[in-house]
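Undergrad: Using only what follows, build the 3D model:
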Amino acid sequence: MSLARPPVDPELRALLADMPLVPELNREVLPQIRRFSSVPVEPLLAGRPVDRRDIDVAGPDGTVLPLSVFRPTGPNRPDPAPCVYWMHGGGMVMGDRFSQLDIPLEWLDRFGAVVVSVDYRLAPEATGTSLVDDCYRGLLWVAGHADELGVDPDRLVVAGVSAGGGLTAGIALLARDLGGPPIAAQMLICPMLDHRNDTTSSRQYAGGPGVWTREMNEFGWRSVLGDLADDEVPGHVSPATAADLSGLPDTYVDAGTAEVFRDEAVGYATRIWAAGGQAELHVWPGGFHGFDALYPQARLSAQARRARTDWLARVLAPATAPARPQLSGQGAGR
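TA: A predicted model of the protein is given here:
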């Protein structure tokens, strides 16, 4: 018996009606869908005062990690600038460093941030820790080249959407555990955090077509993990299973009420609070998975993007404590 679901926002439901949806993903269908998950970056950059630089970072095992660096070129760009290190979505099986790039480019426009996007390897061709290791290697490169990039190392933010949100959480855990670069904040947008795939929201979005269903999620995780048993999965690969969420940077987490990742996003924020950390959580009513990436023009999408940008503004330029008013007569006789 299918479980009841929260209703989808009416505007988003109307927009989604024109999108072909499937219930599941498999190795036969994946090559066809991958073609649609890669988008040209040039239209996103048209009219923006931005310099693009593509870099190949060589790894110790001979693998090459492509990064793209986007730097504002306007006269008022900050020097040094904040940096957003970006990880794309796609269930860990599709997408590239230009996928959903419009999201961090809004922060390039707003804050003069340098945006660095990483082309991590995809499953099932790459498995195990390869994906999160790629992302961490890119983070080390960014931190090590901060001067060259004109980046303020104290304002390095890691961010990602869906699979990229899970990888973002993973590299924040790695940076904490390995004594890696200081991270000012992590932004987890509808993040893919839990390979167990067994929350209430996961089960609500099973058994039928959707933007990202429980069955698709199972395929994505199985492509990464193969036959690993639960207790063999490292916490930085499936961050919801990490034993300790203390000592993490300030965190932003969001999800929609009508999506598979809702409950793992709420659970992750709750565990950060329980560990004494700081997290801002937004659960958008009627939002399906990736709603604002697919339909940024919708009202709910605009609200979600505005909330993230407002949070980032506070993170990048925290307000100083106001001076305490002096009480009448205070200081007399000194």
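Undergrad: hey, let's count contacts and neighbours off CA atoms from now on
TA: Noted.
Undergrad: what are the ranges of the strands in the stretch 101-250 of the chain?
TA: 114-118, 151-161, 185-189, 250-256 (DSSP state E, counting those that start in this stretch).
Undergrad: Pull up the gap between Arg121 and Arg52, please.
TA: The gap separating Arg121 from Arg52 is 21 Å, by CA to CA, to the nearest Å.
Undergrad: before we move on, the earlier item: can you add mean pLDDT and give the strands of the stretch 101-250 of the chain back as TSV?
TA: Listed next are the strands of the stretch 101-250 of the chain as TSV, based on pLDDT from 0 to 100:
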stretch	mean pLDDT
strand 114-118	98
strand 151-161	97
strand 185-189	98
strand 250-256	98
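Undergrad: Save those strands as CSV, and put in mean neighbour count and distance to Asp79 too.
TA: Shown next, in CSV, are these (neighbours: other CA atoms under 10 Å; distance: least, CA to CA, whole Å):
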stretch, mean neighbour count, distance to Asp79
strand 114-118, 27, 10
strand 151-161, 24, 7
strand 185-189, 27, 20
strand 250-256, 23, 23
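Undergrad: so can I have JSON lines of the ones you listed showing distance to Gly59?
TA: Formatted as JSON lines, the strands of the stretch 101-250 of the chain follow (distance: least, CA to CA, whole Å):
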{"stretch": "strand 114-118", "distance to Gly59": "14"}
{"stretch": "strand 151-161", "distance to Gly59": "21"}
{"stretch": "strand 185-189", "distance to Gly59": "25"}
{"stretch": "strand 250-256", "distance to Gly59": "29"}
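Undergrad: Out of the ones you listed, flag the one nearest Leu12.
TA: Leu12 lies closest, by CA to CA, to one member of the strands of the stretch 101-250 of the chain: strand 250-256, at 11.5 Å.
Undergrad: contact partners of the helix or strand that the closest one is followed by?
TA: Downstream of strand 250-256, the first helix or strand assigned by DSSP states H and E is helix 262-274. Here helix 262-274 makes contact (CA atoms under 8 Å, 6 or more residues apart in numbering) with 190-194, 199-202, 240, 245-246, 248, 253-256, 278-281, 283.
Undergrad: who's more crowded, Arg121 and Arg52?
TA: Arg121 (24 against 13; other CA atoms under 10 Å).
Undergrad: From Asp134, how far out is the more buried one?
TA: Going from Arg121 to Asp134 by CA to CA gives 7 Å.
Undergrad: now Ala307
TA: Taken as CA to CA, the span from Ala307 to Asp134 is 29 Å.
Undergrad: So which of those two has more stuff around it?
TA: Asp134 (23 against 15).
Undergrad: Let me know the pLDDT of that one.
TA: On pLDDT, Asp134 comes in at 97.
Undergrad: try the one 5 residues further on
TA: For Leu139, the model assigns a pLDDT of 98.
Undergrad: now Pro75
TA: pLDDT at Pro75 comes out at 83.
Undergrad: between the longest helix seen in the chain and strand 250-256, what angle do the directions make?
TA: Determined from DSSP state H, the single longest helix within the chain is helix 299-316. If you take axes from the mean of the first three to the mean of the last three CA atoms, to 10 degrees, helix 299-316 sits at 180 degrees to strand 250-256.
Undergrad: helices or strands up against helix 299-316?
TA: Counting by 3 or more CA pairs under 8 Å, 6 or more residues apart in numbering; DSSP states H and E, the packing neighbours recorded for helix 299-316 are helix 291-294.
Undergrad: who touches the helix or strand of the chain with the lowest mean pLDDT?
TA: Least confident helix or strand, the chain: helix 30-37 with a mean of 89, by mean pLDDT, DSSP states H and E. Outside of helix 30-37, the residues within contact range by CA under 8 Å, 6+ apart are Gly90, Val93, Met94, Gly95, Asp96, Ser99.
Undergrad: so the second one touches Leu122, yeah?
TA: Meaning Val93. Yes: taking CA atoms under 8 Å as the definition, Val93 is a contact partner of Leu122 at 5.1 Å.
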